[in-house]
Structures are given as structure tokens and as C-alpha cells.
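Student: curious how this folds, go ahead:
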Amino acid sequence: MEHPVASEATTISSGGGLTDRYAAALYAHAGDLNELDHVVWQMEGLGQLIDATPDFRRLIESPLIDVATSTKAALAVLAAQGFGKTVSDFVGVIAANRRLRVLREIVNAFAALVAERRGITTAHVASAQPLNDVQRTQLRARLIEAGYSNVNILEQVEPDLLGGLVVRIGARLYDTSLKSRLQRLQYAMKGAA
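Tutor: Numbers count the residues shown, from 1 in each chain. Now for the predicted structure:
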């Protein structure tokens, strides 16, 4: 018998890529089961688990671990953390399809889909270090000032930025990272020479 999430993942086609299709499949499946709010809450928790647990992140990102071992280990972690059947089954399907390496991106795509369906603007924020609560509050206040009153912030740590932030909201990009400032300075110095 084919798993319902697996069949939806192969038949649902959205405008985006692979991660968007998995996100749409989970959204539809959770809606069919009348547990969308619970799944949304658990997927937020899954994203936090991936971000906060380096060992779990290494497990899902490693190409050296075979599918059976990584699936068993990932499902054991989810069971120990109290994740429900729907999210655990979904992660099992992702693992069986050899897509665990993009699990974090699927979680982000799911959050973006939920936000879109609920009329919330999503801001993708990349920073060199994890944001603290004060920085999150200040960022949210600046986004409200810019006209984004109902905004969901999706954070990603990118150490190569060196400092500052890169904020992407739809087609708009706000780049205040130290990396891009240094690149602009380098280009300016080349032009002056």
C-alpha cells in the first residue's frame, strides 16, 4: 500500500521546485486530516530542532549515511522529541526518497506556504550569527515601519556574511551584510586605480 503523503508528493505540482511540492503535499495531507494547525506547530518545532541540534543536522545532511540508517535515526529522534505521526511519516517519506538533505528547506517552504495561505508576508533573513530576541524585536519593528505589518521572519545562519543581515521579502532584497560591503569597497578601489 502506498503512503498517502508519498502519492501526493508525486502528483502535486506547484510553480516552485521540489521543496515546494513536498510542502504543498504536507499542507494538503494535514488539511485532509483536519490537523493543519497541529502540523504547522510541529513543523515549526522541526525547524527549531534542526537549527538547534548540530548532531541532528549532520545526520540529515550527511551523504555518507545510508538511507535505512538515516531514516531509522531521524525517526528515533522525532519519536524521542514527541513529534506526531503525520510529521514523522512525512519525514519518513522524505528520507525514503533520499531527500533528507533538503529537509530544512522543505520546512522553510512549508512555513512560506502556510504564511501565504494565511495572508502573512514572509521575510527570509540571513545573518552571520543567530539573532537574539532584542534583534528580532528590532527587525520586526523596522519591517512594520517599512509597511510589512503582518510578517513572519524565517531565519537562516550564513557565517560567510561576516556580519549584518540580508533580508529578502518577495522580490525585494535588503543587503547590509559585511561581506557585500567589502565587495562594494573592493570594486570601488579597483575602479579608482
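Student: Ile153 belongs to a helix?
Tutor: No: counting by DSSP: H, G, I helix; E, B strand; the rest coil, Ile153 is not found in a helix; it is strand.
Student: so what's it closest to, chain neighbours aside?
Tutor: Leaving out its chain neighbours, the residue that sits closest to Ile153 by Cβ to Cβ, 6 or more residues apart in numbering is Ala123, at 5.1 Å. Quick note: C-beta positions are derived from backbone N, CA and C, even for glycine.
Student: the one you found is in contact with Leu165, isn't it?
Tutor: No: Ala123 is beyond contact range of Leu165, at 10.1 Å (criterion: Cβ atoms under 8 Å).
Student: related to what we said a few turns ago, looking at strand pairing, list the partners for the residue nearest to Ile153.
Tutor: Assessed by DSSP bridges, Ala123 has beta-bridge partners Ile153, Ile169.
Student: heads up, I number from 13, so please use that
Tutor: Shifting the count to begin at 13 puts that one at Ala135.
Student: so what's the residue count around it?
Tutor: As a burial measure, Ala135 scores 22 neighbours (other Cβ atoms under 10 Å).
Student: what does the one 4 residues further on give?
Tutor: Under the neighbour criterion other Cβ under 10 Å, Ser139 is assigned a count of 20.
Student: the one 5 residues further on too?
Tutor: For Asn144, the count of nearby residues is 9 (other Cβ under 10 Å).
Student: how does this structure divide into domains?
Tutor: Using automatic domain parsing, the domain ranges for the chain come out as 16-126, 132-204.
Student: tell me the gap between the first one and the middle of its chain.
Tutor: For domain 16-126, the distance between its averaged C-alpha position and the chain's averaged C-alpha position is 10 Å (Cα atoms, centre = their mean, to the nearest Å).
Student: over to the shortest one?
Tutor: Averaged C-alpha coordinates place domain 132-204 at 16 Å from its chain's average position (Cα atoms, centre = their mean).
Student: so where is the chain shaky, pLDDT-wise?
Tutor: For the chain, the stretches with pLDDT under 70 are 13-28, 204-205.
Student: looking at it, which helix is longest?
Tutor: The helix that spans the most residues within the chain, counting by DSSP state H, is helix 48-64.
Student: and the residue nearest to Ile165, what is it in contact with?
Tutor: The contact partners of Ala135, by Cβ atoms under 8 Å, 6 or more residues apart in numbering, come to 151, 155, 160, 163-166, 179-181.
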